[in-house]
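Undergrad: Build me a structure from this.
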Amino acid sequence: MKKVVVFGATGNLGAYIAIDLKKHGYQVVATGHRTSDNGFFASHGIEYVSVDINDKETFSKLPQEDVYAVAHFAGELPSRYDYQPDKLLNSIILGTLNVLDYMVKVKAPKIVFPQTPFDLYKYHNTEIAIEADMPREFPLTGDHSIYTIAKNAAVDLIEHYAATYGISWFVLRFFTIYEYHPNPYHYNHYKHQKMPFRILMDKAMHSEPIEIWGDPSRRKEIVYIKDFTQCVRKAIESEVAGGIYNVGGKELVSLDEQIKGIVEVFSPKGKPSVITYRPDMPNALEAHFDISKTKKELGYEPIYSYIEAMQDFYNEMKTEPFAKLWGKGEDYEK
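TA: Next comes the predicted model:
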């Protein structure tokens, strides 16, 4: 079995990636900053190693040979705490440097790394199909400014190491990945609040009225986690040298379709939430990617329709498959 080290395996994306790779026959070594994963990964036949990506000494606990690929999904997020730019810069830039040095030491030939869509923020809220290799920038203000600066620097480091040491590099750019996590809260513009789509799901489950703000025809990418893990796996399987790739969903979904889909899936049968339109209110984000490069070079083909994604989301909300690692929804509402 080919060995893959997944950094950030206790996080939202990393946990799903580790499980998916294991299911598809890879030998997975899951790493996270947590000292214990509560036995979650062992229950799936996966080794867990506690590693601090800011501390090179801890990398000695990882495999030192026969590493086929690294999925580097560790690092701080602006959505997980109030404004602390040093955490972003240290974990994303210096942490990535440490991961790359580890790869050189153990002769690991491939890396997969997540990029923020804010590196192409100037194309947001336009009808442009954002291409993978458009010139990168960063927003000058806001809660994603420092984050994007750090991400861009990390991508530059990865490209430098790829050119210097012959590493195949796969940088995946994406908007929000839809998945069930028991914690429905995040930080948005430095304020702790429930995620908007989780608020809508709560309203639908209680048959409460829902308003659709602004232009209901505005469309955006909806990528489900199990399509995203497929893309990560396709990158690891690929024989191309790599580059930057956009990750999109099976279809673009309008705001109207998003809300109606949530009501269809989450409202009790016979008691759907009543939808009203508020064109006087602000518009939602409109943005989508050109994923032709990802399809052509990696063979990525999204499988989940929006409704299928919501149905699977709701099933995982009820079954809590990651409860041993993350806890349950009730734990975050106390």
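
Undergrad: Pull up the gap between the nearest residue to G25 once chain neighbours are set aside and R233, please.
TA: Ranked by Cβ to Cβ, 6 or more residues apart in numbering and with sequence neighbours excluded, the top spatial neighbour of G25 is M1, at 6.0 Å. For glycine as for every other residue, the C-beta is placed from the backbone atoms N, C-alpha and C. Separation of M1 from R233 (Cβ to Cβ, to the nearest Å): 14 Å.

Undergrad: show me where the stretch 151-300 of the chain has strands.
TA: 168-173, 177-178, 185-188, 191-194, 210-213, 219-221, 223-224, 242-246, 252-254, 275-278, 288-289 (DSSP state E, counting those that start in this stretch).

Undergrad: Same check on the stretch 1-150 of the chain?
TA: Going by DSSP E, counting those that start in this stretch, the stretch 1-150 of the chain shows strands at 3-7, 27-32, 47-50, 67-72, 110-115, 129-130.

Undergrad: Assess the claim that D20 and I236 are in contact.
TA: No: taking contacts as Cβ atoms under 8 Å, D20 lies outside contact range of I236: 10.5 Å.

Undergrad: More neighbours: these two, which one.
TA: Remark: of D20 and I236, I236 carries more neighbours, 23 against 19, as counted by other Cβ atoms under 10 Å.

Undergrad: Test my guess that the more buried one contacts G25.
TA: No: using Cβ under 8 Å as the test, I236 is too far from G25 to be in contact (11.4 Å).

Undergrad: Output the below-cut-off pLDDT ranges for the stretch 101-250 of the chain.
TA: Low-confidence regions of the stretch 101-250 of the chain, defined here as pLDDT under 70, do not occur.

Undergrad: cutoff 80 now
TA: For the stretch 101-250 of the chain, applying pLDDT under 80 flags the ranges 190.

Undergrad: how near is the residue nearest to G25 to G142?
TA: Counting by Cβ to Cβ - M1 and G142 are separated by 43 Å.

Undergrad: now swap in F174 and tell me
TA: 19 Å.

Undergrad: likewise M201?
TA: M201 sits 26 Å away from G142, going by Cβ to Cβ.

Undergrad: Who has more neighbours out of the two?
TA: Neighbour count, other Cβ under 10 Å: between M201 and G142, M201 has more, with 22 against 15.

Undergrad: The protein: helices as residue ranges?
TA: Assigned by DSSP state H, the helices in the chain fall at 12-23, 85-89, 95-106, 145-165, 196-205, 225-237, 255-266, 292-298, 306-319, 323-326.

Undergrad: got those helices as TSV, with distance to E137 columns?
TA: Shown next, in TSV, are those (distance: least, Cβ to Cβ, whole Å):
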stretch	distance to E137
helix 12-23	24
helix 85-89	17
helix 95-106	20
helix 145-165	8
helix 196-205	26
helix 225-237	24
helix 255-266	26
helix 292-298	20
helix 306-319	30
helix 323-326	34
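
Undergrad: can you tell me which of those comes nearest to G39?
TA: helix 323-326 (6.6 Å; Cβ to Cβ).

Undergrad: Give me the contacts around that closest one.
TA: T10, A15, D37, N38, G39, F40, F41, S43, H181, P182, N183 (Cβ atoms under 8 Å, 6 or more residues apart in numbering).

Undergrad: All set, thanks.
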